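Participant: What shape does this take:
(one chain, ligands or ions: 2)
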Amino acid sequence: MSGNEVYSPSTEFSSQAHVGSMEAYQELYRRAEADPEGFWAQQAESEVHWFEKWSHVYEWHPPFVKWFVGAKTNAAYNCLDRHLETRGDKPAIIFEGEPGDQKTLTYRELHAAVGQFSNVLKSRGFQAGDRAIVYMPMIPEAIVAMLACARLGIIHSVVFGGFSAEALKARILDLDASLVLTADGGWRRGKEVKLKGAVDEAVKDCPGIKDVLVYRRTGGECPMNEGRDHWWHDLLPGVSPDCPAEELDSEHPLFVLYTSGTTGKPKGILHTTGGYLTYVASTMKWVFDLKENDIYWCTADIGWVTGHSYIVYGPLACGATCLVYEGAPDFPAWDRWWDIVERHKATILYTSPTAIRALIKQGDEYPNKHDLSSLRLLGSVGEPINPAAWDWYYRVIGKSRSPIVDTWWQTETGGILIAPMPGAVPLKPGSGTLPMPGVLTDVVDFYGEKVAPGAEGFLIIRRPWPSMIRTIWGDPERFEQQYFSRMPGIYFTGDAARRDEDGYFWVLGRVDDVMNVSGHRLSTMEVESALVRHPAVAEAAVVGKPHEITGQAVCCFVSLKQGNWDHGVLGKELRQWVAHEIGAFARPEEIRFAESLPKTRSGKIMRRLLREIVTSNTVTGDVTTLEDLGVVTRLSAQHDED
Ligand code: ATP
Ligand code: MG
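Facilitator: Ligands and ions are numbered 1, 2, ... in the order given. Take a look at the predicted model:
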């Protein structure tokens, strides 16, 4: 593993940071570890408005936890009303549509829009505890929809607009939802991506749905179902923007979000209100070092947990200005993101390794055409970031000036658990570095014993934290079985990791993604990072394939940068390259070249499918979250030709 380089925070950065030294970080960590109740009570007081205070800070009956027991609060109130006095005229959302349309909503305007839409929902009979699906493009109204639900205590479940009718239907039925908030469509690569048709198809088998409310975004053709469907703009005129926020229990469900399904059937992860808000607001300041005048841009879709915690609830609870962009990074050209950064003077950029690798593939001339000097902090989330990609992000985008916060977390964790506080913690490319205060992470073996520094094991968390998953919707047994059955009372992340001599965490990927080759444990991610370091390689996915002699053999899927490559020659070279970079035992048995790799719609490589392809050449698992089924068909077919 690479990671010899260490990047200490500059004095310039540290001197203005919320947490400006390693000692300050360690002091926070120690305090939270010694006195979690006192520590989190203090964070809850400073970051969240409460209508009523708690009787006790937390109650832990493994695997079930409650935070700020008996307290009353409201997420939308915290994101809006609380800021009116001091930040009423500050932009909350700066929106840019793919066609180039722009719209800015100040906190006062966003508050009014949410209040008015809340009143619409209320007048149509929706109330606290009901479930609403949000199936919308990345436009401000999607955020309005989420916050209006939160204001009334309606539990929202955002379904990414790229999901099919089938996936949508499964989620509606699992939740027994009664309301769908959607749009005619959205813009992507200059084309209209229709949404309403999928809703119609899904809802025809969902008798529980009472209303489908449709925002007009594209103006394209959009059949409406008399009685059930209503145009958003028809419902607003004459409705008051004044809608008091419901005073909800701290444990009132805020949302259910289905995980991306990299490993299997999607699970409905339930998050609640008070602890979640406390945690996302705290980490917003610790990790992104958020300041009053930052222009913060997270490129995720609100259909993912990153969008929930670090586009909507975290930033707005902190009163931040957020950029929201609707469309594709390559429309009209591959410099769209850099153009946005330059024009809006973004100061913080938070994106994913898969996006970074796609941008690298296009070449440096795109970022180099633009003035990126407003950026002061970069973030990464979703997968381990290969050191080669880290290096490009650091040099070409951050001009070797902006720290990179590599944030490890999960839909289940609600917020970032492992990441550097950028003014305090020295960076090592490829490592998420150290845990947040109050997060007792460790790496253990099969029996739950801590492993030695440098050894690989299971990443676990020993104590509940405020934004922890509360249950899997409708399936508490699966919840316990999935996360708490291996070591009672200890949260099992499902990821493999190492901790180095400095206590830094190196997440190696999912436990299932660790191979065993001739008795050596080898993470797929290490081989991928080695491949990505080769100048011809844009992306790589590695899986283990059963092998009579070595137990497992290393099998690589590689997509190449632009150029004329001889696959035969390059295949040999890459096998040699990996053997040289990692060791002879890691020499790939097979290199397959692929135009693209199978990914979830959130951009993660689905190794589970590749494993099936290399072992049986068929795919039987759940593929509803796959971005492009054609990729799998092509990869399977390619083998048949071999
Ligand atoms: P499913 O659980 O349904 O298979 P998923 O795990 O891909 O889907 P998420 O909750 O979005 O869904 O992703 C969390 C996982 O992503 C983590 O468990 C980890 O494997 C990976 N991950 C996220 N961020 C990082 C990071 N910074 N470094 C390494 N791995 C990361
Ligand atoms: Mg997961």
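
Participant: any idea how far P91 is from M421?
Facilitator: Distance, P91 to M421, by CB to CB, to the nearest Å: 26 Å. To be clear about C-beta, it is placed using only N, CA and C from the backbone, and glycine gets the same treatment.

Participant: Of these two, which one has the most company?
Facilitator: Taking neighbours as other CB atoms under 10 Å, P91 and M421 compare with M421 leading, 29 against 19.

Participant: So that one sits against M22, correct?
Facilitator: No. Counting by CB atoms under 8 Å, M421 does not reach M22; the two are 9.1 Å apart.

Participant: Can you name the residues of the stretch 301-450 of the chain that neighbour ligand 1?
Facilitator: Residues of the stretch 301-450 of the chain found near ligand 1, taking CB under 6 Å from any ligand atom as the criterion, are V305, V381, G382, E383, P384, D406, T407, W408, Q410, T411, G432.

Participant: Let me see the contact set for the nearest residue to the third one once chain neighbours are set aside.
Facilitator: Spatial nearest neighbour of G382, chain neighbours left out: S352 (4.0 Å); criterion: CB to CB, 6 or more residues apart in numbering. For S352, the contact set (CB atoms under 8 Å, 6 or more residues apart in numbering) comprises T299, A300, S380, V381, G382, E383, S602, G603.

Participant: how does the chain divide into domains?
Facilitator: Per automatic domain parsing, the structural domains of the chain span 35-284, 517-641.

Participant: Is there proximity between the shortest one and ligand 1?
Facilitator: Yes. Legend: contact between domain 517-641 and ligand 1 by CB under 6 Å from any ligand atom is shown at K604.

Participant: could you give me the average pLDDT of that domain?
Facilitator: Averaging pLDDT along domain 517-641 gives 86.

Participant: what sits against the closest residue to ligand 1 within the stretch 301-450 of the chain?
Facilitator: Closest contact between the stretch 301-450 of the chain and ligand 1, by CB to the nearest ligand atom, is at T411 (3.4 Å). Going by CB under 8 Å, 6+ apart, T411 touches L257, T259, S260, I269, W304, V305, I469.

Participant: and of the residues you listed, the nearest to I340?
Facilitator: Distance ranking of the contacts of T411 against I340, using CB to CB, places W304 first at 19.5 Å.

Participant: which residue packs closest to that closest one, ignoring adjacent ones?
Facilitator: Closest residue to W304 apart from its sequence neighbours, by CB to CB, 6+ apart: S602 at 5.1 Å.

Participant: ditto for V287
Facilitator: A419 (4.8 Å).

Participant: neighbours around the residue of the stretch 101-250 of the chain found nearest ligand 1, how many?
Facilitator: Minimum separation of the stretch 101-250 of the chain from ligand 1 (CB to the nearest ligand atom) falls at F160, amounting to 11.2 Å. If you count neighbours by other CB under 10 Å, F160 ends up with 22.

Participant: show me the contacts for the nearest residue to it once chain neighbours are set aside.
Facilitator: Closest residue in space to F160, ignoring its immediate chain neighbours: G303 at 2.9 Å, by CB to CB, 6+ apart. Residues near G303 by CB under 8 Å, 6+ apart: V158, V159, F160, G161, G162, F163, R601, S602.

Participant: So what sits opposite M515 in the bridge?
Facilitator: Note on M515: beta-bridge partners by DSSP bridges are L522.

Participant: And it, how far from D500?
Facilitator: M515 is 21 Å from D500, by CB to CB.

Participant: repeat for A584
Facilitator: From A584 to D500 the distance is 24 Å (CB to CB).

Participant: How about F64?
Facilitator: With distances taken as CB to CB, F64 is found 34 Å from D500.

Participant: Now for the residue nearest to V287: which residues touch it?
Facilitator: Neighbouring residues of A419 by CB under 8 Å, 6+ apart: T283, V287, V405, D406, T407, W408, W409, G432, T433, M436.

Participant: Many thanks, we can stop here.
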